[in-house]
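Asker: Show me the folded form of this:
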Amino acid sequence: MPKAPKSSVTAYPIEHNIHLVRGKKVMFDSDLAQLYGVPTKRLNEAVKRNLSRFPETFMFQLTHKEVASMRSQIATASKRNIRYQPLVFTEHGVVMLSSVLNSARAVQVSILVVEAFVRVRALIAANKDLAVRVEKLETGQRQISSIIEVLVDEIEHMKALPPPSKRKIGFDL
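Answerer: Okay, the predicted model is just below:
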């Protein structure tokens, strides 16, 4: 099987364009349009002509509140003049988008984007493993901390006791 030629779209890591919205990893229509080399308007027109291919699990439109939140987080307003709520695409939506756009570049880009989603998924899984390890360390640290507290309390208690009487050592004559 011949390997797809590498495209210039890998110059900027695609993972930076993947965002978490409504608990799903998605990409904005404007980011995908840039990767596919088409205007956002044309990409959205192609999607609207083929809406039956894009169920809610593949693509959805952001609400005004989500747009405002995302605007402050990732500066989407600087990417384009937002007069409507952007469309966002899940990993499956990106694959479907390449069939709608039907170009060699669309196929290459969809492969790169799916690989980016896989890398993000692996990164999240690695972070979960790291979180479990950190939790174990914190539990051990809490146990050690409680032991140290008990020792400090005992030392303070011993300091509060009167000093033992000093007896002379040796013989009395």
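Asker: Going by C-alpha atoms from here, please, whenever you check contacts or count neighbours.
Answerer: Fine.
Asker: Residue 115 and residue 85, how far apart?
Answerer: Separation of residue 115 from residue 85 (C-alpha to C-alpha, to the nearest Å) stands at 27 Å.
Asker: Which of the helices or strands spans the closest residue to residue 100 other than its chain neighbours?
Answerer: The shortest distance from residue 100 to any non-neighbouring residue, by C-alpha to C-alpha, 6 or more residues apart in numbering, is to residue 46 (6.7 Å). Element membership for residue 46, per DSSP states H and E: helix 40-49.
Asker: Beyond the helix or strand of the chain with the lowest mean pLDDT, next helix or strand please.
Answerer: Within the chain, judged by mean pLDDT, DSSP states H and E, the helix or strand with the poorest mean is helix 64-74; its value is a mean of 72. From helix 64-74 onward toward the C-terminus, using DSSP H and E, the following helix or strand is strand 87-89.
Asker: Can you point out the buried residues in the helix or strand that comes right after that following strand?
Answerer: With elements assigned by DSSP H and E, the helix or strand that comes after strand 87-89 is helix 91-101. Buried residues in helix 91-101, counted by 16 or more other C-alpha atoms under 10 Å: 91, 92, 93, 94, 95, 96, 97, 98, 100, 101.
Asker: Good, we can wrap up now.
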